[in-house]
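Undergrad: Got a sequence here, can you build the structure:
(chains A, B, C and D)
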Protein chains: 4
Amino acid sequence: MIRFECDYTTGAHPKILEALVNSNMEACPGYGVDIHCERARIMLRALCQAPEAGVHFLTGGTQANTTVIAAALRPCQGVLCAETGHINVHETGAIEATGHKVLALPAENGKITARQIDEFCQAHYDNAAWEHMVQPGMVYLSHPTELGTVYTLADLEAIQAVCRRWRLPLFVDGARLACGLAASDVTLPDLARLCDVFYLGGTKAGLLFGEAVVITNPVLNRGFRCHIKQRGGMLAKGRLLGVQFEAFLQDGLFLDIGKKEVDQAMRLREAFLAKGWPLFVDSPTNQQFSVLPNEAMAALEEKYSFEVWEKADEDHTAVRFCTSWSTRDEDVDALIADIQKL
Amino acid sequence: MIRFECDYTTGAHPKILEALVNSNMEACPGYGVDIHCERARIMLRALCQAPEAGVHFLTGGTQANTTVIAAALRPCQGVLCAETGHINVHETGAIEATGHKVLALPAENGKITARQIDEFCQAHYDNAAWEHMVQPGMVYLSHPTELGTVYTLADLEAIQAVCRRWRLPLFVDGARLACGLAASDVTLPDLARLCDVFYLGGTKAGLLFGEAVVITNPVLNRGFRCHIKQRGGMLAKGRLLGVQFEAFLQDGLFLDIGKKEVDQAMRLREAFLAKGWPLFVDSPTNQQFSVLPNEAMAALEEKYSFEVWEKADEDHTAVRFCTSWSTRDEDVDALIADIQKL
Amino acid sequence: MIRFECDYTTGAHPKILEALVNSNMEACPGYGVDIHCERARIMLRALCQAPEAGVHFLTGGTQANTTVIAAALRPCQGVLCAETGHINVHETGAIEATGHKVLALPAENGKITARQIDEFCQAHYDNAAWEHMVQPGMVYLSHPTELGTVYTLADLEAIQAVCRRWRLPLFVDGARLACGLAASDVTLPDLARLCDVFYLGGTKAGLLFGEAVVITNPVLNRGFRCHIKQRGGMLAKGRLLGVQFEAFLQDGLFLDIGKKEVDQAMRLREAFLAKGWPLFVDSPTNQQFSVLPNEAMAALEEKYSFEVWEKADEDHTAVRFCTSWSTRDEDVDALIADIQKL
Amino acid sequence: MIRFECDYTTGAHPKILEALVNSNMEACPGYGVDIHCERARIMLRALCQAPEAGVHFLTGGTQANTTVIAAALRPCQGVLCAETGHINVHETGAIEATGHKVLALPAENGKITARQIDEFCQAHYDNAAWEHMVQPGMVYLSHPTELGTVYTLADLEAIQAVCRRWRLPLFVDGARLACGLAASDVTLPDLARLCDVFYLGGTKAGLLFGEAVVITNPVLNRGFRCHIKQRGGMLAKGRLLGVQFEAFLQDGLFLDIGKKEVDQAMRLREAFLAKGWPLFVDSPTNQQFSVLPNEAMAALEEKYSFEVWEKADEDHTAVRFCTSWSTRDEDVDALIADIQKL
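TA: As a prediction, this is how the structure comes out:
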């Protein structure tokens, strides 16, 4: 079975694993104040051109989202996001469990727009009963989105302008940011400049686990480690996160991994289109969504794992193929060859 | 100014007020264990034909909704309701503040159906990622709804059957139940039989304040007074609620008030239709929604207060007129005459 | 049975009730933006010499405490209070239900000191593991305390200085403040000057219900009405609170009630002491705690209701007698005569 | 610097690390449903003689404590624990953040007794105001405790009998259980038999991270994975936990590690006593607390790291030395020799 069902089926990229093995017997203080975390922080601040930013390492995405959002919102505030946003759908109510409503906006291919945010806020404060309604308190975007699409720099700049108008912190979930950097015109310094907080995901880009949260808003950064502890995200052997991110950031490994995932995904995308299979979503990143004839799907399932997304019609099904740091070129070759043969 | 903007602009019905005045100097134990509360409980249980039901008096609707829902749900569960439901829109996130997601379903005229609930639950448990999603844990209906519409007995029986199938407690918000009893075929014994919990609202039917929560599910009832205390709803002079509900339930006063409100509302409805103004929602209860020409609206605003609901088109606006326990027949006469004159 | 068991057994003071009856048929907008609330706000601001203060009316103490504390604290913060404080003992975990720890300090006769607060904060920030501990985020005092004792102006000034040092908002629960004003050198302007927020209780001083929250900290006041709504404390017929507080504040009625309660309590205190019964707590307010021989207690219980506080030894019991707005002088006379006869 | 300051300064035990390296390129499904987790579950159930138990792997102790307690408690319930308990002191209010009070009991050397629990419950339900107080809903013990002490089997059996009497689930935090098994007469089958839920800690016993939660109460186990996801503890590459626990449980590695840590600690204990330094706490596990003359402490600090616990008097300080899986015998030899030389 050749696996394309998600981007976290295997362990760590060899360079990451090597770093873990090499540092294993070092004695470090706990809870993320060790030398590896500190070095990784310095590297990430430099890459972001944000020398003052707070950098915090958490183990997973739900944890990062919950901790950031609960730290940012006041009790009567909610977080605006796409109806398809991870926090709205796939975190078992983690945000609500901290007391906050997710204010879901209709999304097109996983994205929301500056205009939607602006109109929502305008309508909220125009409403005579606004005191009886949850106040928009933050904007959450995923980049890439849950459907593989990306925001352009122009998108983000427009959104940030609206956020500033309504005094809303902007938060970008970058669980797959390595691919987003490879597939959009948005850079780390752009994110650091435009967001109050974002994260660079490691779990889906070759780390065993780990998300690097970058906070450029100093008010939000104050006491953030207490929030991490309270939400259960303070790893005793925090050095594991530092060690991994050091290796991930070193010599642009994170960029290489993202680029390779995207390149492989683009080859798949072309194969689908060449075969005449329409795209379910036109994604420029490592998640590829295509609509397959059911027989073709059945044939591919014998050799490849991938995710059945939803039924398109009686005879067709939308599916998702993911490339990952461990996808080999020969795996992609084989899949393309099999598609062509069908 | 003759007021039709809502059903809680005035104080208490004379019989309610008289009961408060007459009992004022009685010394009673606090927190709802006095003789008045006990009598009102006995009366309401009898009216519901539910001799074992728990009956608890709270001061307001948001408090009742929050206390009931937070007591019923387990941490990863949410409450299903109409997207227009009060808990989803107009309680400043009170439900989420207790840690639970409101699972909003598309509503037609404020109502949801047994089928929608069934399909939602089916889809939830069919989803491979169900553990990552908020579990449906309760169904919340408003009867009448926020748009004045009502559920029929057949509606409720179908919903209850689905609730039983999926092991979901059924909760009916009866903030305007006095009107619902007058305008639907659903009775108090029906509600007691079909719901795990519902309430009979007093605030919008002539009490100073007060909602009588009836809990027929013994598991939910256990320790419910602790939940009331924790959520801030335990009135020190709890006898005020008992005294008011005694008078409200005595000799069917609550039914008379509901019937009168509905009768007056039906006269308004006919006047709107006779004038050729379409209904925005076809409501059989004390909230009447009509679409008026803007000039007519402006003319009426000089003499009557009512709520502007939303813009219908450039020249027309949907508005809401409410009757209440204190609406006089001559107020309705005057309004109808003015409508006819326009 | 003559009742001394608590200060909320009866309904409203005649002047309060009269105001409710007289205003009953007025039509007012809901939710506390009516003319009565507005007038009561103006009166209370003037009495506090705090023309900019926010004034909000809530129905009860638990609700007021929860809403204020949840609005003031950030997620990792707790509220410092006496171990005997109402929020720590008798609110069924209402504060914790909003996500915050109550940081209980040992109390002497219900009071805590500036020094205790200072030392707690010093120790917190001196602790190497402070990020793993709940941060002190607010100070809660009761004045009078749950044991009837009061803070002096010097006490409060010292506490406020410490609060300022550690950037802690100071919150005074004034559920029995009418007595506190009669029995201490602390005035409303003092409270407004020294506290970020406090409240003047009505429920235990002759209102049907109602606590007037005064917020002098503008940051805390911003959006406070949203918090009230979210926590279930936004009364639909909010005018009821305005009407009652207008009457309560008019011509110093609240001061008269407090003074009378205290005067009667002082007569009881003297009678206990004259009889040779020691005070359990030396309280200058309407709660009197005495240690009685068990036979004397049994004899008094036949004619008077009072609260058994705790067993003192095999032969003696500590009890609490409360005077209230409705305690008649002849009730006190009778009790004193019966004590003397024993 | 030879390190004795805590038991999580180094990475993974060589066998654990080897297992991670060897399995690194395997493709596994995410979120803990892989073959490694399944095998580790089977092994742990067998070791516990609890074939029906739920076994769940989480990354850390705060996460495990929060998830278990929030899953077990109803809204008005709190968790009983020693005042020194980790959840009461060192988790930044994580339990309260889920809405629950920690009901702290005075502890002797970190332990609480069956009698204390029984008396607390009796007093709670005897209290006339019990509805206004947080209900005891669970008992939390640490074994070993935060002070290194352990419960005997007789202790646990007495506590469990009281828990059963009051219908309280019993939860044992086993962050250092590997040592507890080596230093007490309590076995894994005992824990499985006596507790509703407990965990076997890996983080402090040679894993990179990981706690294995064993739930024998089937009601608590139902839907527990949803709770894990909601609280941010669902690791995407869940196989990392399975792989580590497989190696940890294989051939009794966890027992060997615990035994070695304890043996080394006992050598330290003897050295302290031989030197005439009193024990601060008499601990039979890997945490050793001794009271040192300040000059001795200063001398040792030049070569060894350890934790300064608290000032004993002007001239003496209580300190903690920890052994860990990576403490070498020669490190202990060196320390003992230096103590003798002082």
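Undergrad: Contact residues of the stretch 151-300 of chain A facing chain D?
TA: A:203-204, A:208-209, A:226-227, A:229-237, A:239-240 (Cβ under 8 Å from any Cβ of the partner chain). Bear in mind the C-beta positions are built from the backbone N, C-alpha and C, glycine included.
Undergrad: from these, which ones fall inside strands?
TA: Of these, none are assigned to strands by DSSP state E.
Undergrad: can you map out the strands along the stretch 201-342 of chain A?
TA: Secondary structure of the stretch 201-342 of chain A by DSSP state E, counting those that start in this stretch: the strands cover A:211-215, A:279-281, A:287-293, A:304-305, A:307-313, A:316-322.
Undergrad: okay, now the closest residue to residue A:325 other than its chain neighbours: neighbour count?
TA: Spatial nearest neighbour of residue A:325, excluding adjacent residues (Cβ to Cβ, 6 or more residues apart in numbering or on different chains): residue A:206 at 3.7 Å. Residue A:206: 30 surrounding residues under other Cβ atoms under 10 Å in any protein chain shown.
Undergrad: Repeat that for residue A:30.
TA: Neighbours of residue A:30 (other Cβ under 10 Å): 18.
Undergrad: just residue A:144 next, same as before
TA: Residue A:144 - counted by other Cβ under 10 Å - has 29 other residues nearby.
Undergrad: Roughly how far does it sit from residue A:174?
TA: 9 Å (Cβ to Cβ, to the nearest Å).
Undergrad: before we move on, the earlier item: mind listing what the residue nearest to residue A:325 touches?
TA: Residues near residue A:206 by Cβ atoms under 8 Å, 6 or more residues apart in numbering or on different chains: A:12-13, A:16, A:248, A:253, A:257, A:324-326.
Undergrad: I'd like to know which of the residues you listed are part of helices.
TA: Among the contacts of residue A:206, the members found in helices (DSSP state H) are A:16, A:248, A:253, A:257.
Undergrad: out of these, which is most surrounded?
TA: Counting by other Cβ under 10 Å, top hit in the ones in helices among the contacts of residue A:206: residue A:248 with 28 neighbours.
Undergrad: Identify the residue spatially nearest to the residue positioned nearest the centre of chain A, adjacent ones excluded.
TA: Centrality entry for chain A: nearest residue to the mean C-alpha point is residue A:175, 2.3 Å, by Cα atoms, centre = their mean. Nearest residue to residue A:175 in three dimensions, chain neighbours excluded: residue A:201, at 3.9 Å (Cβ to Cβ, 6+ apart).
Undergrad: What's the local residue count around that neighbour?
TA: Neighbour number of residue A:201 under other Cβ under 10 Å is 25.
Undergrad: Tell me how far the residue nearest to residue A:325 lies from residue A:62.
TA: Taking Cβ to Cβ, one finds residue A:206 at 20 Å from residue A:62.
Undergrad: helix, strand or coil for residue A:151?
TA: Classification of residue A:151 by DSSP: H, G, I helix; E, B strand; the rest coil places it in coil.
Undergrad: so how far is stretch A:159-175 off the chain centroid?
TA: Mean-position distance between stretch A:159-175 and its chain equals 16 Å (Cα atoms, centre = their mean, to the nearest Å).
Undergrad: I misspoke; the intended subject was stretch A:148-156.
TA: Using Cα atoms, centre = their mean, the offset of stretch A:148-156 from its chain centre is 13 Å.
Undergrad: Buried ones in it, by neighbour count?
TA: Applying a neighbour-count criterion of 16 or more other Cβ atoms under 10 Å in any protein chain shown, the buried positions in stretch A:148-156 are A:148-151, A:155-156.
Undergrad: could I get those as TSV with pLDDT and distance to chain B?
TA: Formatted as TSV, the buried residues of stretch A:148-156 follow (pLDDT from 0 to 100; distance: Cβ to the nearest Cβ, whole Å):
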residue	pLDDT	distance to chain B
A:148	98	17
A:149	98	20
A:150	98	23
A:151	98	24
A:155	98	27
A:156	98	27
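Undergrad: Serialize those to TSV and add fields for distance to residue C:71.
TA: TSV is the format used below for these (distance: Cβ to Cβ, whole Å):
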residue	distance to residue C:71
A:148	41
A:149	39
A:150	39
A:151	34
A:155	35
A:156	33
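Undergrad: which one of the residues you listed sits closest to residue C:194?
TA: Distance ranking of these against residue C:194, using Cβ to Cβ, places residue A:156 first at 47.0 Å.
Undergrad: The one helix or strand the closest one maps to packs against which elements?
TA: Element membership of residue A:156, judged by DSSP states H and E, is helix A:153-165. Using 3 or more Cβ pairs under 8 Å, 6 or more residues apart in numbering or on different chains; DSSP states H and E, the elements in contact with helix A:153-165 are helix A:114-126, strand A:135-142, strand A:170-173, helix A:188-194.
Undergrad: please redo it, this time with the cut-off set to 6 Å
TA: helix A:114-126, helix A:188-194 (3 or more Cβ pairs under 6 Å, 6 or more residues apart in numbering or on different chains; DSSP states H and E).
Undergrad: Can you name the residues of the stretch 201-342 of chain A that neighbour chain C?
TA: A:225-227, A:229-230 (Cβ under 6 Å from any Cβ of the partner chain).
Undergrad: where in the stretch 201-342 of chain A is pLDDT low?
TA: For the stretch 201-342 of chain A, no stretch has pLDDT under 70.
Undergrad: Leaving aside the residues adjacent along the chain, what's closest to the residue of the stretch 101-250 of chain A at minimum distance from chain C?
TA: Nearest residue of the stretch 101-250 of chain A to chain C, counting by Cβ to the nearest Cβ: residue A:226, 4.0 Å away. In space, and not counting its chain neighbours, residue A:226 is closest to residue C:76: 4.0 Å by Cβ to Cβ, 6+ apart.
Undergrad: How about the contacts made by that neighbour?
TA: A:226-227, A:230, C:135, D:92 (Cβ atoms under 6 Å, 6 or more residues apart in numbering or on different chains).
Undergrad: among the residues you listed, who's most crowded?
TA: Of the contacts of residue C:76, with other Cβ under 10 Å as the count, residue D:92 tops at 31 neighbours.
Undergrad: quick one: it is in a helix?
TA: No. Residue D:92 is assigned coil when assessed by three-state DSSP, not a helix.
Undergrad: That one and chain B: what is the separation?
TA: 18 Å (Cβ to the nearest Cβ, to the nearest Å).
Undergrad: which ones are touching that residue?
TA: So residue D:92 contacts A:226, A:229-230, C:76, C:132, C:134 (Cβ under 6 Å, 6+ apart).
Undergrad: Could you do residue A:198 as well?
TA: A:172, A:174, A:191, A:214.
Undergrad: pLDDT at residue A:1, what is it?
TA: Residue A:1 carries a pLDDT value of 88.
Undergrad: Surely it is in contact with residue A:305?
TA: Yes. Counting by Cβ atoms under 6 Å, residue A:1 does reach residue A:305; the two are 5.5 Å apart.
Undergrad: which one of those two has more residues nearby?
TA: Remark: of residue A:1 and residue A:305, residue A:305 carries more neighbours, 17 against 10, as counted by other Cβ under 10 Å.
Undergrad: near chain C, which residues of the stretch 51-200 of chain A?
TA: A:70, A:75-76, A:131-132.
Undergrad: Just the ones in helices from those, please.
TA: Per DSSP H, the subset of these in helices is residue A:70.
Undergrad: Who wins on neighbours among the residues of the stretch 51-200 of chain A next to chain C?
TA: residue A:76 (29 neighbours).
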